[in-house]
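Asker: got a sequence here, can you model it:
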Amino acid sequence: MVNFKKKSCKLSGWLCVITAIFFACEKIPEHCGDGNSLNHETQFCFNDRTYDKCGGNEYDPINQRCEGNIVKTKCGDAYFDPINERCVGNVVHSRCGDGTFVPPGTLCATYTLTANAVPGDGGSINRDPHGLIYNAGTSVTVTATAASGYMFTGWSGVSTSTMPSIAIIMDRDQVLTANFERRATPLPVYTLFAVNRNPTDGGTAFVNNVQSTFATTHDSGAVINIRASAAGGYTFVSWALTSGTAILANANDTTTTLILNSNTTLTANFALAAPPLLGDTLVDGRDGKRYRTVKIGNLTWMAENLNYTTSGSLCYANNISYCAIYGRLYTWDAAMTACPPSWRLPTRHDWDYLISAVDGRLGFNAGTKLRTTTGWECNNPNGCVVGTDEFGFSAMPGGHCLSSGIICGEIGIRATWWTADEYDDDRSWYSSMSSNTSFLIEIDALKRFEYSVRCVR
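Answerer: So this is what the prediction gives:
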């Protein structure tokens, strides 16, 4: 992949010519070796040939191709989209909605959740996520809410719990019934006014798994499930009763219960999130360079890309100024031994653990939460995803190179890091994120390519 960056040459005459040999002055080529003129906005050079960019991106024409403005990578005799597909044993597998991948001719497993209220006017049933058919493995929270004059007595079918809110794992077709009984003596009915948020942009609040935007009525003694979800950059602080009387199970839990004793107004309080808890500064005894570290879950990561000079490493486009910002790029063999003593190159499992630690099992927003808030370029006409750096990982778009720094690309747009796991004798796995998407992807590449390194312990 090629990404020529235009630099002003402040040297003159033969001095500039000589220093250009050492890449102190860079110059945008006007054409490739094939003699065709080069439009840098829409084209790039690869092995002395001119190619059109794919959706604004450069790619490796030997191992990739462009289909519908999507760069696809070679997989056996076919090509795959790294976002929606995966290459397993040289066979393209398609992504299912639950994040699993299936081979050609295999449908993603789906199951039906049938939920009924008995009697029909005794209450309602809410599902989160909402739906009827779910992908295998999906966890669905089902909540029963009694209508006025009724009380919930328990579930029957796949669950016999007496709790109004339960979780169902969709590993087969499920049938569930919420049972209600009419109260002998009608209970007083109270109103829970729309839950306030302080500040209003600090997050959202949910009442019985429905976002609170209006007043709701509840029988006296009815257990109401409430939940707060902090917005990016904020953290939940507490619940507070601002009018009326009620029993609040735990004012400090994001998810808790409420029982009304009168008409009540509730407030969910949020605060700006504190800076992430950074670890000790790592001083690399081999060259004296210093790196920030951050502990996420049970692992401590370097919060900067490695910048240790060793055989098999280089600066992007052989320009030393890039190393100061993005660290060095390494072949896989060099990356395997590049980390300081007591640190190591992370495995695929380490990256999966990191994703789960910051964004749960599927991790669709992990890329957003792990990258810096600035320093990323947008080449997508539909807009890009702005990072929040909520955990202090501070991912930076250092790009990558393919041929000892001569063919490089995607600096400012994509971050790529080697993992310690091999795909086969010639290829290894790497993790990547781009400014166009909110998640990380995992792809295999030739070991001679040059990618960034984050060390872990």
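
Asker: the domain parsing of this protein - what is it?
Answerer: Domain assignment for the chain by automatic domain parsing gives 32-95, 110-182, 195-272, 282-446.

Asker: okay, those in TSV with mean pLDDT next?
Answerer: Below are those laid out as TSV (pLDDT from 0 to 100):
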stretch	mean pLDDT
domain 32-95	82
domain 110-182	90
domain 195-272	88
domain 282-446	90
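
Asker: for these, which one ends up most surrounded?
Answerer: Highest mean neighbour count among these (mean count of other C-beta atoms under 10 Å): domain 282-446, with a mean of 19. In this view, the C-beta of every residue, glycine as well, is placed from N, C-alpha and C.

Asker: redo the domains of the chain as TSV? Include distance to Phe101.
Answerer: Formatted as TSV, these follow (distance: least, C-beta to C-beta, whole Å):
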stretch	distance to Phe101
domain 32-95	4
domain 110-182	12
domain 195-272	29
domain 282-446	11
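
Asker: looking at those, spot the one closest to Pro103.
Answerer: domain 32-95 (5.3 Å; C-beta to C-beta).

Asker: just how off-centre is that closest one within its chain?
Answerer: Chain-centre distance of domain 32-95: 24 Å, with C-alpha atoms, centre = their mean, to the nearest Å.

Asker: and stretch 389-403, by the same measure?
Answerer: Centroid separation for stretch 389-403 versus its chain: 14 Å, with C-alpha atoms, centre = their mean.

Asker: send the alpha carbons of that stretch over as PDB?
Answerer: The C-alpha coordinates for stretch 389-403 follow below in PDB (Å, rounded to 0.1, in the frame of the first residue of the first chain):
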ATOM      1  CA  ASP A 389      -9.900   7.000  24.600                       C
ATOM      2  CA  GLU A 390     -11.900   6.000  27.700                       C
ATOM      3  CA  PHE A 391      -9.200   3.600  29.000                       C
ATOM      4  CA  GLY A 392      -6.100   5.500  28.200                       C
ATOM      5  CA  PHE A 393      -4.900   2.900  25.600                       C
ATOM      6  CA  SER A 394      -4.400   5.900  23.100                       C
ATOM      7  CA  ALA A 395      -4.300   4.000  19.800                       C
ATOM      8  CA  MET A 396      -2.700   6.100  17.100                       C
ATOM      9  CA  PRO A 397      -3.000   5.500  13.300                       C
ATOM     10  CA  GLY A 398       0.600   4.600  12.400                       C
ATOM     11  CA  GLY A 399      -0.200   2.900   9.100                       C
ATOM     12  CA  HIS A 400       1.900   0.100   7.700                       C
ATOM     13  CA  CYS A 401       4.600  -0.700   5.100                       C
ATOM     14  CA  LEU A 402       5.100  -3.600   2.800                       C
ATOM     15  CA  SER A 403       8.500  -3.300   1.300                       C
END
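
Asker: understood, closing this out.
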